[in-house]
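Engineer: the following block contains a protein sequence and its predicted model.
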Amino acid sequence: MKICVLREFGMPVAAIYLLDESGTRFAKEMHSGFAAFPIEERNWSVTEGVAGRTVRLGRPVLVSDVTQDPDYIPAGREVRAEFAVP
């Protein structure tokens, strides 16, 4: 699955996070890519990060410059943009 996600989207880092049963926290499903920092084994609230903003808004969010976005949670040194979909 990891290879398919990276190949299909042509991105250096790809992740799939699902919501827990309560719909208020993320649980890691898959994270891969050469620029990826290890993300500690934890789940985080939908009040955090660009992915959290996506859940709260109920629509895709494109951040074209992660250095300018206060919600961005670093995923790797090479990451310049982030696209999250609900």
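Structural biologist: Cool, got the structure.

Engineer: what's the helix or strand for Cys32?
Structural biologist: Careful, residue 32 is Ser; it's not Cys. strand 26-33 (DSSP states H and E).

Engineer: same deal with Leu62?
Structural biologist: strand 61-63.

Engineer: next structured bit after that strand?
Structural biologist: Immediately after strand 61-63, counting by DSSP H and E, sits strand 82-84.

Engineer: direction included, what does that following strand pair against?
Structural biologist: Applying DSSP bridges, strand 82-84 is found paired with strand 61-63 (antiparallel).

Engineer: what comes up buried for the strand it pairs with?
Structural biologist: For strand 61-63, a neighbour-count test (16 or more other Cβ atoms under 10 Å) marks Val61, Val63 as buried. Yep, even glycine has a C-beta here, placed from its N, CA and C like the rest.

Engineer: got it, and stretch 49-63?
Structural biologist: Neighbour-count burial for stretch 49-63 [16+ other Cβ under 10 Å]: Gly49, Val50, Ala51, Gly52, Arg53, Thr54, Val55, Val61, Val63.

Engineer: can you give me the first-to-last residue distance of stretch 70-83?
Structural biologist: End-to-end distance of stretch 70-83 (Cα to Cα, to the nearest Å): 15 Å.

Engineer: please renumber the chain so that the first residue is 2 from this point on.
Structural biologist: I'll keep to 2 as the first residue from here, and by that count the last item is stretch 71-84.

Engineer: average pLDDT for it, rounded please.
Structural biologist: Here stretch 71-84 scores 85 as its mean pLDDT.

Engineer: buried ones in that stretch?
Structural biologist: Neighbour-count burial for stretch 71-84, counted by 16+ other Cβ under 10 Å, picks out Asp72, Tyr73, Ala76, Val80, Glu83.

Engineer: then stretch 15-26?
Structural biologist: Buried, per 16+ other Cβ under 10 Å, within stretch 15-26: Ala15, Ala16, Tyr18, Arg26.

Engineer: thank you, goodbye.
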